[in-house]
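Novice: Sequence first, predicted coordinates after that:
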Amino acid sequence: MPTSNDFTTNASGQLASAFFPASAPTPFSRADFGADFHWGAACAAYQVEGGWQQQGKGPSVWDDFTRRRGAIRRGEHARVGPDFFHRWPQDLDLARGLGLTDFRFSAAWARVLPAGTGPVNQPGLDFYDRLVDGCLARGLRPWLTVFHWDLPAALQARGGWTNRDVTGWLAEYAQVLARRLGDRVSHWMVLNEPMVFVGAGHLLGIHAPGRRSLGAFLAAAHHATLAQAEGGRALRAALPAAARVGTTFSCSQLTPHRPGNAYDEAATRRADALLNRFFVEPVLGLGYPVAELPPLGWLLARYQRPGDEERLKFDFDFWGVQNYTREVVRFTPWLPLQWATLVSARRRQVPHTEMNWEVYPESIYQMLKKFAAYPNAPRLVLTESGAAFPDHLQAGQVPDVARRAYLQAAIGQVLRARREGVPVDGYFYWSLTDNFEWAEGYGPRFGLIRVDYETQQRTVKDSGRWYRDFLSGQPVPAAAAPRAAVVK
Ligand code: FCB
């Protein structure tokens with residue numbers, strides 16, 4: 001029986017090196033990051049707000065997708081979730097109590113524009129206005145993600161991301177937010193992880209809107225890449241000069257399954273082009289990585305129009321880097337595209353989280369180095385990093401040793417990159433509270449704060465307390481990997 005301290009691994013001996021490889025800097029303290037470093041936690045509207053039909057909010061693709069049979073584990077949905085829509089003052093109080101300096105959240109497009117375009121729902125926009133003021137009143141700098149996956153259902157009915165008009169719809173929505181909140185929100189992000197909502201939503205069919213089509217994927221990918229740049233321009237035009245405009249990318253360090261094997265190495269390069277380079281390089285004017293991904297020729301022929309290469313570029317003030325794990329890649333001859341498959345952590349029998357993501361904080365360092373190596377890369381911020389391990393309430397406490405160790409290890413890897421000159425200015429833990437983890441429902445818990453979904457009671461976990469102590473200046477002791485482990 002797993003206990004609250006346990007997490008899934010097959011060999012406790014692997015734990016210390018999984019969390020704290022020899023390269024991890026230790027000991028360290030907050031002071032090593034300098035006074036201006038941003039310390040935050042992140043969340044997203046659909047995952048935390050609830051209030052799905054309140055005060056004029058329109059339906060989103062996720063409201064629809066969660067109704068689909070078999071789409072979400074245990075048939076769960078986020079109509080109430082952790083009820084941030086009503087409980088945000090308490091959650092922001094808790095964030096302040098941890099000593100955070102910054103708080104990242106997203107706006108629900110359909111709360112602001114129920115039909116996606118056109119008339120603004122004033123009560124919806126007022127909600128974000130109060131939320132921003134609530135952050136500032138507590139000394140939390142608000143970071144606003146314009147689009148974190150919850151496209152209005154009305155726009156999906158018009159083709160959603162497969163319709164090129166989505167670039168204009170997003171720009172209009174971004175400007176509605178910018179005009180109302182731009183005097184107080186200093187940091188903006190256009191998109192959250194385009195590869196995930198485009199890939200999981202249009203090719204794999206495991207996220208909203210649940211499409212499984214290469215054509216839909218390529219169309220959505222091109223329009224999302226365009227939208228990220230057009231959205232950046234729309235924000236900059238509507239925001240005060242001091243506001244910082246960024247966007248975020250998912251990424252993972254990639255390792256060939258059999259290092260030195262030419263097929264696995266080539267498969268790893270293809271996976272890198274798809275998972276790490278696809279949305280970043282067009283922004284810099286480098287175009288799509290077509291050489292490694294020949295099917296992109298179809299994208300160019302069908303969806304790219306004259307002048308698009310210029311339109312895909314934008315000089316963001318920062319990139320949000322989001323990292324949870326590394327992936328191990330194997331050549332797969334039997335797939336139609338001679339593709340690459342990712343060998344799951346469970347199969348490799350390495351320590352992993354409830355998402356079946358390998359515990360591999362060093363990937364953070366590797367990805368920060370990789371992104372910083374692009375000529376003309378802007379400043380970087382780790383806008384997401386986190387780990388889902390089972391945890392339990394015991395006598396008023398949540399002794400989540402594995403998550404605490406992960407947080408310490410992740411911050412250490414950011415410091416390691418910073419010490420080598422990577423311009424990384426902030427760390428955001430995903431997530432402040434437990435929340436709705438998309439297709440996985442409420443099973444995986446990522447929060448620094450535990451949510452009892454029956455009573456909506458919040459309890460700061462030991463990881464949250466550790467973050468608070470760290471932010472109060474306490475030095476981090478020599479790396480201590482969690483001892484408890486369970487063989488499954
Ligand atoms: C990221 C998403 C975020 C959350 C974490 C666990 O890919 O941006 O919403 O679900 O994964």
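Specialist: Received it, and whenever you're ready, just let me know what you need.

Novice: can you list the residues of the stretch 1-150 of the chain near the ligand?
Specialist: Within the stretch 1-150 of the chain, the residues that sit near the ligand (Cβ under 6 Å from any ligand atom) are 44, 47. No exception for glycine: its C-beta is placed from N, CA and C like everyone else's.

Novice: Where does pLDDT dip in the protein?
Specialist: The chain contains residues with pLDDT under 70 at 1-14, 335-338, 477-488.

Novice: which other helices and strands contact the top helix by length along it?
Specialist: Ordering each helix of the chain by length in residues (DSSP state H) puts helix 214-238 first. For helix 214-238, the packing partners by 3 or more Cβ pairs under 8 Å, 6 or more residues apart in numbering; DSSP states H and E come out as strand 141-147, helix 166-181, strand 187-191, helix 194-202, strand 244-250, helix 296-303, helix 308-311.

Novice: Dump those into TSV; add mean neighbour count and distance to D452 as well.
Specialist: Formatted as TSV, the helices and strands packed on helix 214-238 follow (neighbours: other Cβ atoms under 10 Å; distance: least, Cβ to Cβ, whole Å):
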stretch	mean neighbour count	distance to D452
strand 141-147	25	27
helix 166-181	21	32
strand 187-191	27	30
helix 194-202	23	28
strand 244-250	24	30
helix 296-303	15	46
helix 308-311	14	48
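
Novice: Tell me which of the ones you listed lies nearest to Q122.
Specialist: helix 166-181 (9.9 Å; Cβ to Cβ).

Novice: Extract the C-alpha trace of that closest one and format it as CSV.
Specialist: Output of helix 166-181 as CSV, limited to C-alpha atoms (Å, rounded to 0.1, in the frame of the first residue of the first chain):
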residue,chain,number,x,y,z
VAL,A,166,-8.5,32.4,-35.7
THR,A,167,-5.4,34.7,-35.9
GLY,A,168,-7.8,37.7,-36.1
TRP,A,169,-10.1,36.4,-33.4
LEU,A,170,-7.2,35.9,-31.0
ALA,A,171,-5.8,39.4,-31.8
GLU,A,172,-9.2,40.9,-31.1
TYR,A,173,-9.6,39.1,-27.8
ALA,A,174,-6.0,39.9,-26.7
GLN,A,175,-6.7,43.6,-27.3
VAL,A,176,-9.9,43.5,-25.2
LEU,A,177,-7.8,42.2,-22.3
ALA,A,178,-4.9,44.6,-23.0
ARG,A,179,-7.1,47.7,-23.1
ARG,A,180,-8.8,46.8,-19.8
LEU,A,181,-5.9,45.3,-17.8
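
Novice: and that helix with strand 187-191, angle?
Specialist: Between helix 166-181 and strand 187-191, the angle comes out at 160 degrees (axes from the mean of the first three to the mean of the last three Cα atoms, to 10 degrees).

Novice: how distant is helix 166-181 from the center of its chain?
Specialist: The chain centre lies 21 Å from the centre of helix 166-181; the measure is Cα atoms, centre = their mean, to the nearest Å.

Novice: give me every residue that touches M195.
Specialist: M195 makes contact with 249-250, 274-275, 278-279, according to Cβ atoms under 8 Å, 6 or more residues apart in numbering.

Novice: and of those, the nearest to P294?
Specialist: Proximity of the contacts of M195 to P294 (Cβ to Cβ) peaks at L274, which lies at 11.9 Å.

Novice: so what's the closest one up against?
Specialist: 195, 289, 293.

Novice: neighbours of the closest residue to the ligand within the stretch 1-150 of the chain, just the number please.
Specialist: Among all residues of the stretch 1-150 of the chain, A44 sits closest to the ligand, at 4.9 Å; criterion: Cβ to the nearest ligand atom. A44 has 25 neighbouring residues, counting by other Cβ atoms under 10 Å.

Novice: so it makes contact with L144?
Specialist: No. Proximity of A44 to L144 does not meet the contact threshold set by Cβ atoms under 8 Å, at 11.1 Å.

Novice: Need the residues touching each of those two.
Specialist: Counting by Cβ under 8 Å, 6+ apart, the residues touching both A44 and L144 are 105-106.

Novice: still on that earlier bit, gap between the longest helix of the chain and the chain center?
Specialist: Counting by Cα atoms, centre = their mean, helix 214-238 comes out at 17 Å from the chain centroid.

Novice: and what of stretch 210-228?
Specialist: Between the centre of stretch 210-228 and the centre of its chain there are 19 Å (Cα atoms, centre = their mean).

Novice: Would you indicate which residues of it are buried?
Specialist: By neighbour count on 16 or more other Cβ atoms under 10 Å, the buried set for stretch 210-228 is 210-211, 216-228.

Novice: Put the alpha carbons of that stretch into CSV.
Specialist: The C-alpha trace of stretch 210-228 is given here as CSV (Å, rounded to 0.1, in the frame of the first residue of the first chain):
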residue,chain,number,x,y,z
GLY,A,210,-10.7,15.8,-30.0
ARG,A,211,-9.7,15.7,-33.7
ARG,A,212,-7.5,12.9,-35.1
SER,A,213,-6.4,14.2,-38.5
LEU,A,214,-3.0,15.1,-40.0
GLY,A,215,-4.7,17.8,-42.1
ALA,A,216,-6.3,19.4,-39.1
PHE,A,217,-3.0,19.2,-37.2
LEU,A,218,-1.0,20.9,-39.9
ALA,A,219,-3.7,23.6,-40.4
ALA,A,220,-4.0,24.2,-36.7
ALA,A,221,-0.2,24.2,-36.3
HIS,A,222,0.3,26.9,-38.9
HIS,A,223,-2.5,29.1,-37.7
ALA,A,224,-1.3,28.8,-34.1
THR,A,225,2.2,29.8,-35.2
LEU,A,226,0.8,32.8,-37.0
ALA,A,227,-1.5,33.6,-34.1
GLN,A,228,1.4,33.6,-31.6
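
Novice: Having no further points to raise, I will conclude here.
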